[in-house]
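> I would like the atomic coordinates for the input below:
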Amino acid sequence: MNERIKELSAQAWQYADNNSRDGDGTHGWLYRDKFAELLIRECMLLSILQSEAGYVSNYIAKHFGLDK
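Below is the predicted model of the structure:
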């Protein structure tokens, strides 16, 4: 697995650890949601670096319902 994906996964896991309570059943959902968000934001960042004025990033953010 790509090292950056491992880093994003670890960040998402830490987020889930910090924002769920033992036994409430939310850890998995928090992890998955945060991991997806981090992956999307990473794609947005890459698109900003590779395109003029970040138009692709704006499109990605709007498509997935994220604020830039």
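> ok, and what's touching the helix ranked longest in the chain?
If you go by DSSP state H, the chain has its longest helix at helix 27-50. With Cβ atoms under 8 Å, 6 or more residues apart in numbering as the test, helix 27-50 has contacts from 4-5, 8-9, 11-13, 15-17, 19-20, 54, 56-57, 60-61, 64, 66, 68. From N, CA and C alone the C-beta is placed, and that goes for glycine too.
> swap the cut-off to 6 Å and go again
Contacts to helix 27-50, defined as Cβ atoms under 6 Å, 6 or more residues apart in numbering, come from residues 8, 12-13, 15-16, 19-20, 54, 56-57, 60-61, 64.
> where's it relative to the chain centroid, distance-wise?
2 Å (Cα atoms, centre = their mean, to the nearest Å).
> Please apply the same query to stretch 24-40.
8 Å.
> got it, and stretch 22-34?
Relative to the chain's own centre, stretch 22-34 is displaced by 15 Å; criterion: Cα atoms, centre = their mean.
> distance of residue 5 from residue 49?
Residue 5 is 18 Å from residue 49, where distance means Cβ to Cβ, to the nearest Å.
> So for the two, which sits in the more crowded spot?
Legend: neighbour count by other Cβ atoms under 10 Å for residue 5 and residue 49, higher for residue 5 (13 against 9).
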